[in-house]
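Q: The following block contains a protein sequence and its predicted model.
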Amino acid sequence: MTDSEPGSELLELEVGNVANGGFCVARHEGRVVFVRHALPGERVRARVTETTKNFLRADAVEIIEASADRVEPPCPFAGPGRCGGCDWQHASLPAQRALKASVVEEQLRRLAGIDRTVVVEEVPYPVESEIVPAPGTGWRTRVQFAVVDGTVGLRKHRSHDIEPIDECLIAHPGVELMGIERKRWPGASGVEGIVSAATGDRIVVLRGRDRRKIRVPRLDVPVRLVRGKPEPGANLPYVRESVSGRMFQVSGSGFWQVHPGAAQLLADAVIDTLEPKPGDIALDLYCGVGLFAGVLADRIGPDGLVVGVESDGQAVRDARFNLRDLPNVSIERGPVEEVVADLEFGRAAGSSRAQNKRGGGHQGGARVRRADLVVLDPPRAGAGREVVQHITRLAGRKIAYVSCDPATLARDLAYFGERGWTLETLRAFDAFPMTQHVECLATLVRG
C-alpha cells in the first residue's frame, strides 16, 4: 500500500544493479529506489511514482549518462508512464539476457544459498515459420488486451489504466493479422487473441460482465470465438500445436508456451536432462495438456508408465485426448498436493476416495508408489513446501523443475535442499524477449 500518490518529484540517481521485477536499484537519502526504464551504471533523472515506508518507485525520464547497452525502444508505446507490458525495450537483446541471468543468480544466492553462473539462452524462432519477425519481436502467440469504453490497449505498469495501441510489437504476426487493436469492442472488458504458430488456428476470447452485450466487430481474418467463462465441460474452440511430431489440442485460453519455439525447446531439454530409460515410471506434475507426458511416454516405452497430474478440468480433457493413443500414460485430475499424497500412500485412481474427488482416473495410476523421474512445471507461485516434500519421497533418480519465476524457483530449490536433493544443472531460456521474464529448467539429484 502506498503512503502517497505519484507526484512530480524528480530525483537525480546513480543506478546500481538490476532487481527482480524489471527494475534497477538506486538510493536516495538512504532509501532504496526501484527504477524502471534505467540500466545498471547509468545516471538518470527519475520521477517518483510511488512512495512507501521502506522504498520508492520511480521512472527514469531523462538519461544523463547512458549505458553502452542502451538502445532506442523499438515500440512507440514503450516508455515511462506508458505500456507496462515490456520492461527492457531500452536494452539490447544481449544486455537483456545478461540482466535476466543476473536476476536468476541473485535469487538463487539469496533464497537458496546456491552460487551458480547462469547463461540465458536464446529461444530460436521455428525455421519453418512463414513469417520470421525481427529478433526479440513477434513471438507472443497469446495476447490479453484490456478494453475500456470499447477502446483496446494494454495496462500501464502497476495500474488499471490502459495505453491505447494499434499494434503490439511482441505479438505474433498471426495475432496482429486479426486486427484486434484496430477495432472497437463495446461491452467488453478484455479481449485475448490466440494463434497457433504451427497450424495458424485462431481464437478470440471475450471477457465482460455481460457477455451477451459485447458487440463483436468484424475482424480482418476468420476466427473462432469464446464468449466469457465457459460452462464446465463445454466443448471449446481449440488451437493445435505440434511438438516432436505429435499434435496437441489446447482449448480456449488454456496454457501453452507463448513463444513459438519454447515448447519444443523445453521438451527436448527435459528429455536431455532426465535421460528416461525404457521401463521407467515418471510423474508429470502440473501437466497441462500433456506436453512433457507425451515426450516422456515415447521414451519409456510400453513397459513404463507416465502419470500426469493437473487440476484444470479442460486441460485434463485435452491431455487425455492428446495422449489417447498411449496406453502407458495416466492423467489424474486434482490439486497436485492432494494427488501426489494419494500416489505416495497408495490411494491413486484405484481408490474410491480419489475417484469421488476427481472423477476417476486411469488404472495405471494405482501402480505408482515411487517414480524414477519427476518433471514439474508449476504456475508462477511455484510448488511450495508441501508438494516438494511429497515429490522428494516419491522421486528416485532425477527431478526436472521448469519455472517462469526465479524467486519461487529458488525458494523451492531451498526446500529440495532441506530434503537432501542437490541442484545438478540449471538452464535458462529467453522465452519472453523485451520483458523481465525468463524460463528456467533446474535438474535435481539426490545429494
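A: Nice, I can see it.
Q: CA atoms for contacts and neighbours, from now on please.
A: Will do.
Q: How far away from the center of its chain is the longest helix anywhere in the chain?
A: Longest helix in the chain by number of residues, with DSSP state H as the criterion: helix 93-107. In terms of C-alpha atoms, centre = their mean, to the nearest Å, the centre of helix 93-107 is found 17 Å from the chain centre.
Q: which strands and helices sit next to that helix?
A: Judged by 3 or more C-alpha pairs under 8 Å, 6 or more residues apart in numbering; DSSP states H and E, the packing partners of helix 93-107 are strand 18-19, strand 120-122, helix 406-418.
Q: Check which element follows the first one along the chain.
A: Using DSSP states H and E, the next helix or strand after strand 18-19 towards the C-terminus is strand 23-28.
Q: before we move on, the earlier item: rebuild the helices and strands packed on helix 93-107 as a markdown table, extending it with mean neighbour count, distance to residue 322 and mean pLDDT.
A: As requested, the helices and strands packed on helix 93-107 are exported to a markdown table (neighbours: other C-alpha atoms under 10 Å; distance: least, C-alpha to C-alpha, whole Å; pLDDT from 0 to 100):
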| stretch | mean neighbour count | distance to residue 322 | mean pLDDT |
| --- | --- | --- | --- |
| strand 18-19 | 22 | 40 | 98 |
| strand 120-122 | 20 | 29 | 98 |
| helix 406-418 | 22 | 29 | 98 |
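Q: possible to save these as CSV with distance to residue 333?
A: Formatted as CSV, those follow (distance: least, C-alpha to C-alpha, whole Å):
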stretch, distance to residue 333
strand 18-19, 37
strand 120-122, 34
helix 406-418, 23
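Q: Which of the ones you listed sits closest to residue 332?
A: Closest approach to residue 332 among these (C-alpha to C-alpha): helix 406-418, 23.3 Å.
Q: between that closest one and helix 93-107, how big is the angle?
A: Angle, helix 406-418 to helix 93-107, by axes from the mean of the first three to the mean of the last three C-alpha atoms, to 10 degrees: 40 degrees.
Q: contact partners of the helix or strand where residue 294 lies?
A: Assessed by DSSP H and E, residue 294 sits inside helix 291-300. For helix 291-300, the external contacting residues (C-alpha atoms under 8 Å, 6 or more residues apart in numbering) are 243-244, 248, 263, 267, 270-271, 276-284, 287, 304-308, 323, 326, 328-329, 375.
Q: Doesn't residue 230 belong to a strand?
A: No. Looking at residue 230 with DSSP: H, G, I helix; E, B strand; the rest coil, it is coil, so not inside a strand.
Q: And for the closest residue in space to it that isn't next to it in sequence, the neighbour number?
A: Spatially, and ignoring its direct neighbours in sequence, residue 230 is nearest to residue 236 (7.8 Å; C-alpha to C-alpha, 6 or more residues apart in numbering). Residues lying near residue 236 (other C-alpha atoms under 10 Å) number 17.
Q: cool, and residue 403?
A: Residues contacting residue 403 under the criterion other C-alpha under 10 Å number 24.
Q: Identify the bridge partners of the nearest residue to it once chain neighbours are set aside.
A: Spatially, and ignoring its direct neighbours in sequence, residue 403 is nearest to residue 440 (5.2 Å; C-alpha to C-alpha, 6+ apart). Bridge pairing for residue 440 (DSSP bridges) gives the partners residue 403, residue 428.
Q: shift numbering so it begins at 24
A: Yep, numbering from 24; the last one is residue 463 now.
Q: what's near enough to touch residue 463?
A: Applying C-alpha under 8 Å, 6+ apart, the residues near residue 463 are 424, 425, 426, 427, 428, 429, 449, 450, 451, 452.
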